[in-house]
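**Student:** Here is the input, now give the coordinates:
(chains A and B)
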Amino acid sequence: MAPIRLANPAPVLGAFRASSRQAPRWNCMWRSYHSYDYNQPPPFPAAESAILSRAIEHVPGYGFTVDALKLGARDAGYLDASTNLLPRGVFDLVDYHLVMQRLALKDSVQFPDAEGGKKVGVGSKVRTLTLARLRANEPIIHRWQEALAIMAQPTYIPPSLAELARLADEIWFLAGDTSVDTSWYTKRATLSAIYSATEVFMTQDKSSNFKETEEFLDARLEDNMKLGKAVGGFAAWADFTAHSAVNVLRSKGMRI
Amino acid sequence: MSLQAPRQLLRRQLLQAGQKRVARAPYRCFSCSVRQTQQQQTPPKTPQDGPGTTHFGFETVAEALKEQKVGAVFSSVASSYDTMNDLMSLGIHRLWKDHFVRNLNPGRNPLTTPSSGEQGWNILDIAGGTGDIAFRMLDHASTINNDAHTRVTVADINPDMLAEGRKRALDTPYARSPRLKFVEANAEKLDMIADSSIDLYTVAFGIRNFTHKENAIREAFRVLKPGGVFACLEFSKVNNSVFDSFYKRWSFSAIPLIGQLVAGDRDSYQYLVESIERFPSQTEFRDMINDAGFLVPGQGWEDLTGGIAAIHKGVKPA
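**Tutor:** Numbers count the residues shown, from 1 in each chain, chains lettered A, B, ... in the order given. Okay, the predicted model is just below:
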C-alpha cells in the first residue's frame, strides 16, 4: 500500500482556499493525497511553464533576476510584458527551479532492489538522494545566494519553507521510509535542517567536485545519528528507571 | 483676497445645500446619509433590468444614456479631480498607482536587449485622461529601465479630462515628445488602433464607468499583441466585514459630502460611490477577463488595502 504523503501543492487547510483561488479547470485535478493510480497534474500551467523553462536557461548568466525572466519570455515567443503572467516575479523563477528539481529526483536516482544480495539501507538512500538534489544546484551555484536572498524576503519565507518540507518529504518517501509514529515528523524536520545548512555551505565551497560539501553532509548526518542515538538511549534509560522505581515501590507493598 | 474667494464659495454652497434641504426631509448630517446607505446598499434588482438598460450608480438607465451621464460626471469633476482623489482616499490612491506601475515594470532595458528588433513598449492607457498612469509609466521606463523609446497613448472618451491631462503634461518632460499622445476614443470601439499592436493595455479606475465592460475587454484582446498584458486597477470588494462596514460608512457619507464641499458637486460623487458598489467582485471580474480569452496570472488579482481596490491582469496567449 502506498504510504500517505504530504499533499503535493496544497495542505488540507489550503484546499478550501484553493477552490476560490484556482481557476475551476484545475480543481478537478487536485488531490490532497498521493496515489500511484492517478497521474499528478503538471506543476505549472503551460504558458508559465514555457516562459520559466526558457528563463531558467538564462540564470547562469543573468542570475535570478527580472532580466532572466524577460529573456526567457522572449525565447518562448512572448513579450517582455508577458512576465506579468508570474504574479510573484523572480520568486516564481526560484520556485520553478525548486519544484522541478524536486520532481526530477524520482527519475534521476534509482535504487536497484538488491545490490549483490545486500540491501541498501534507508540511511544511505537518504544520503544519496540529498547529494543528488544538491548536485542539481551545481550549474547555478554561483547564483544561488541571490535565490536564497529572494527566498528570505518576508513574503516568500512561508512558501520557501513549505517547499523545503516537501523536498524533505520527497527524499524520505523515495528512500522508502514507512514510519507512522512521531519520528515521521522528526525525520523530516532534521533532514530539512541538514539540507538547508549543507546548501548554504555549498555556495561557499571551492573544492573540486564539491568534495567538502559531501564531507559536510556526512558529518551532519552522523551528528544527527549520534543525537538520535543519545535521545533514544536517554528515553530507554528513563523508561527503565521509571518502571523499576514503580516495581520497587510495589514490592514494598505500596498499591500502585 | 485669494483666500477669501474659496471661503465665500464654500459658504454659498453650504447655503444652497441648506436651502435645498428645507424642501426635502429634515437633514441630519451623517446619520441621514448613513440611513440612506443602508437602504440603498442592496441595489434594487429591478424587473425592468431589460436588455436595453444598464446601471448608472444605483439607477437603471437606458444604455444610450449612460455614456452621456458618465460624460457629464467627469466633465464636472475634471478640474478638481486630483484634489478630490487625495481627499477621498486620504492620499492612498497615489500609492496604489505607484504600485500598479512598478509591478508592471514597463520599459525595455537597452543593456539586456539585443540591438535588433523593436525598442520600448507600446502602451495604451484607457480612461487615463489626466495622465496619472501615463506619466508614471514613462517615468518608470526612463529612470528604472533606461528606456527612452517606450510610448504611451492616452485615450479617454471625455475631452475635458484630456484637456486636464494635456495641461498637466506641460509640467513633465514628455509634453512635446513623440512618446506621449492623447486620443479621444471610446474604449468599446478603438478603431484607430490596429490589431495586435499594443504591449500593455492599462485602465485605472475607468472600466467601472463603461457601458459594456465585456466589449471593452474584448476590444483590449483585439489590440494587444500575443503575449501582451491587460492590466486593470479598479475599486473592488473589501474582504473583511468589520473593515467593510467602516469603509461603507466612509464612502457613502463622507465622500459625497467632501464632493459637495470641495468640488461643489454632490451628485457626481454619489454616482462614484454607487458605481463602486455596483462593480463586480474580484472573482466575477477575473472570470470576465478569463472569458474574453486571456490567461490569468495566479489567482487573477491582487488586493490593495484590504480589497478597496484590486489589480486584475490578463495575458493574451501567444
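**Student:** rest of the way, CA atoms for contacts and neighbours
**Tutor:** Fine.
**Student:** which parts of the stretch 151-300 of chain B sit against chain A?
**Tutor:** Neighbours of chain A within the stretch 151-300 of chain B, by C-alpha under 8 Å from any C-alpha of the partner chain: B:199-200, B:226-229, B:283, B:295-300.
**Student:** from the residues you listed, which is closest to A:I194?
**Tutor:** The shortest approach to A:I194 among those belongs to B:G298, at 31.9 Å (C-alpha to C-alpha).
**Student:** re earlier: among the residues of the stretch 151-300 of chain B next to chain A, which lie within helices?
**Tutor:** Applying DSSP state H to those, the entries found in helices are B:T283.
**Student:** In JSON lines: the residues of the stretch 151-300 of chain B next to chain A, plus neighbour count and pLDDT.
**Tutor:** Output for those, formatted as JSON lines (neighbours: other C-alpha atoms under 10 Å in any protein chain shown; pLDDT from 0 to 100):
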{"residue": "B:D199", "neighbour count": "24", "pLDDT": "94"}
{"residue": "B:L200", "neighbour count": "27", "pLDDT": "95"}
{"residue": "B:P226", "neighbour count": "20", "pLDDT": "94"}
{"residue": "B:G227", "neighbour count": "29", "pLDDT": "93"}
{"residue": "B:G228", "neighbour count": "32", "pLDDT": "94"}
{"residue": "B:V229", "neighbour count": "32", "pLDDT": "95"}
{"residue": "B:T283", "neighbour count": "17", "pLDDT": "94"}
{"residue": "B:L295", "neighbour count": "23", "pLDDT": "94"}
{"residue": "B:V296", "neighbour count": "26", "pLDDT": "93"}
{"residue": "B:P297", "neighbour count": "21", "pLDDT": "91"}
{"residue": "B:G298", "neighbour count": "17", "pLDDT": "88"}
{"residue": "B:Q299", "neighbour count": "17", "pLDDT": "90"}
{"residue": "B:G300", "neighbour count": "23", "pLDDT": "90"}
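**Student:** Looking at the residues of the stretch 151-300 of chain B next to chain A, which one is closest to B:V183?
**Tutor:** B:L200 (16.4 Å).
**Student:** Next up, the contacts around that closest one.
**Tutor:** Contact analysis of B:L200 by C-alpha atoms under 8 Å, 6 or more residues apart in numbering or on different chains lists A:81, B:121-124, B:224, B:228-231.
**Student:** Beta-bridge partners for it, please?
**Tutor:** When assigned by DSSP bridges, B:L200 has beta-bridge partners B:I123, B:V229.
**Student:** could I get the contacts of B:L200 as TSV with distance to B:H149?
**Tutor:** Formatted as TSV, the contacts of B:L200 follow (distance: C-alpha to C-alpha, whole Å):
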residue	distance to B:H149
A:A81	15
B:W121	7
B:N122	9
B:I123	11
B:L124	14
B:L224	18
B:G228	17
B:V229	18
B:F230	20
B:A231	21
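**Student:** Can you flag the buried ones in the residues you listed?
**Tutor:** With burial judged by 16 or more other C-alpha atoms under 10 Å in any protein chain shown, the buried subset of the contacts of B:L200 is A:81, B:121-124, B:224, B:228-231.
**Student:** my read: B:R222 touches B:I198, true?
**Tutor:** No: counting by C-alpha atoms under 8 Å, B:I198 is not a contact partner of B:R222; they are 9.4 Å apart.
**Student:** Looking at the two, which has the bigger crowd around it?
**Tutor:** Neighbours of B:R222 and B:I198, each counted by other C-alpha atoms under 10 Å in any protein chain shown, are more numerous for B:I198; the result is 25 against 19.
**Student:** ok, that one to B:E184 distance?
**Tutor:** 17 Å (C-alpha to C-alpha, to the nearest Å).
**Student:** what do you get for B:D132?
**Tutor:** Going from B:D132 to B:E184 by C-alpha to C-alpha gives 16 Å.
**Student:** B:E67 too?
**Tutor:** Using C-alpha to C-alpha, we find B:E67 at a distance of 14 Å from B:E184.
**Student:** ditto for B:S196
**Tutor:** 20 Å.
**Student:** Same check on A:Q153?
**Tutor:** Relative to B:E184, A:Q153 is positioned 44 Å away (C-alpha to C-alpha).
**Student:** what about the two, which has more around it?
**Tutor:** Legend: neighbour count by other C-alpha under 10 Å for A:Q153 and B:E184, higher for B:E184 (17 against 12).
**Student:** Over stretch A:45-64, what's the mean pLDDT, rounded is fine.
**Tutor:** For stretch A:45-64, mean pLDDT is 94.
**Student:** who touches it?
**Tutor:** A:65, A:68-73, A:75-76, A:78, A:83, A:85-86, A:90, A:93-94, A:96-97, A:139-140, A:142-143, A:146-147, B:317.
**Student:** Identify each buried residue in that stretch, please.
**Tutor:** A:47-48, A:50-59, A:62-64.
**Student:** Kindly report the same for stretch B:191-198.
**Tutor:** So stretch B:191-198, judged by 16+ other C-alpha under 10 Å, has buried residues B:196-198.
**Student:** for stretch B:283-295, same thing?
**Tutor:** B:283, B:285-290, B:292-295.
**Student:** try stretch A:211-222
**Tutor:** Neighbour counts over stretch A:211-222 (16+ other C-alpha under 10 Å) mark A:213-214, A:216-218, A:220-221 as buried.
**Student:** any residues touching it, and which ones?
**Tutor:** Counting by C-alpha under 8 Å, 6+ apart, A:127, A:131, A:194-195, A:198, A:201-202, A:205 sit against stretch A:211-222.
**Student:** mind checking how far that stretch is from the chain centre?
**Tutor:** 18 Å (C-alpha atoms, centre = their mean, to the nearest Å).
**Student:** Show the average pLDDT along that stretch.
**Tutor:** For stretch A:211-222, mean pLDDT is 94.
**Student:** Can I get that stretch in PDB, CA atoms only?
**Tutor:** Coordinates of each C-alpha in stretch A:211-222 appear next as PDB, following Å, rounded to 0.1, in the frame of the first residue of the first chain:
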ATOM      1  CA  LYS A 211      34.100  17.200  -2.100                       C
ATOM      2  CA  GLU A 212      33.900  19.400   1.000                       C
ATOM      3  CA  THR A 213      30.100  19.700   0.700                       C
ATOM      4  CA  GLU A 214      29.900  15.900   0.700                       C
ATOM      5  CA  GLU A 215      32.000  15.700   3.800                       C
ATOM      6  CA  PHE A 216      29.900  18.400   5.500                       C
ATOM      7  CA  LEU A 217      26.800  16.500   4.700                       C
ATOM      8  CA  ASP A 218      28.200  13.200   6.000                       C
ATOM      9  CA  ALA A 219      29.300  15.000   9.200                       C
ATOM     10  CA  ARG A 220      25.800  16.500   9.700                       C
ATOM     11  CA  LEU A 221      24.100  13.100   9.100                       C
ATOM     12  CA  GLU A 222      26.500  11.500  11.600                       C
END
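**Student:** any idea which of the buried ones among the contacts of B:L200 is closest to B:V273?
**Tutor:** Within the buried ones among the contacts of B:L200, the smallest distance to B:V273 is 22.2 Å, found for B:A231 (C-alpha to C-alpha).
**Student:** So A:L191 belongs to a helix, correct?
**Tutor:** Yes: with DSSP: H, G, I helix; E, B strand; the rest coil as the criterion, A:L191 is assigned to a helix.
**Student:** Can you get me a residue count around it?
**Tutor:** Residues lying near A:L191 (other C-alpha under 10 Å) number 25.
**Student:** quick one, what contacts it?
**Tutor:** Counting by C-alpha under 8 Å, 6+ apart, A:L191 touches A:A168.
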